[in-house]
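Visitor: using only what follows, build the 3D model:
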Amino acid sequence: MIQLLAFYLFAIVTIVSGILCVTARNPVHSVLWLILAFFNAAGLMVLVGAEFIAMLLVIVYVGAVAVLFLFVVMMLDIDFAELRSGLARYFPFGVALVALLAGEIIGAEKAWDAGGIQLSRGAPTPEGMPNIQALGILIYTRYLYIFEGAGLVLLVALIGAIVLTHRKRGDVRTQKISEQNMRRPEDATRNTQPPVGQGVEL
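Guide: You can find the predicted model right below:
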């Protein structure tokens, strides 16, 4: 009974938070509603026994992605009125996309028992072993090379982002600290005595 109440509580709050995230007029409020939706989705994952996915939702999505969105929205001067101006134009496309995704979800649910094929609803885990431990054993034994390959791809992407950020540009004047330290006060200032009624010639 408690699990059922917790499920409905988490599910309702997640759906309401998702709707408010899309419909909120203030972008900062949208990010806050998104964080609340992530927390409640993590609660749903805990109820179904997927503690690893719940941990990912809290640590990765809430702790990194959503907070990054929040700082980007607060720091950048984005004209959200201009962004909302195209809402009516893309509204039919959005409705069609939502209908397509809903149809796929319903079709996937119906496909569990279609044609007499019994699909497994969960990966078998040894008795008394948490699913996080079982997942770690699979990642670092059977899927070790795939896991290392994914890490290598992320490392290459990180290096590429750093190289693109620190590339030399010709239209930017860089600071030369050595020349600044060698500069004398008499080189930085010039004493002039302009005649009365005339300005300083540069």
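
Visitor: show me the domain layout of this structure.
Guide: With domains defined by automatic domain parsing, the chain comprises 1-80, 130-166.

Visitor: let's have the ones you listed in a markdown table, adding mean pLDDT.
Guide: As requested, those are arranged in a markdown table below (pLDDT from 0 to 100):
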| stretch | mean pLDDT |
| --- | --- |
| domain 1-80 | 85 |
| domain 130-166 | 88 |
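
Visitor: so which of those domains is the most packed in?
Guide: domain 1-80 (a mean of 15; mean count of other CB atoms under 10 Å). C-betas here are computed from N, CA, C, even on glycine.

Visitor: longest helix of the protein?
Guide: Across the chain, the longest stretch assigned as helix under DSSP state H is helix 87-110.

Visitor: next one: that one to chain centre, how far?
Guide: 23 Å (CA atoms, centre = their mean, to the nearest Å).

Visitor: right, and the helix or strand after it?
Guide: With elements assigned by DSSP states H and E, the helix or strand that comes after helix 87-110 is helix 131-139.

Visitor: about what we covered before: figure out which of the domains of the chain is closest to residue 179.
Guide: domain 130-166 (21.1 Å; CB to CB).

Visitor: that older thread, and the domains of the chain: which comes nearest residue 198?
Guide: Among the domains of the chain, the nearest to residue 198 by CB to CB is domain 1-80 (43.3 Å).
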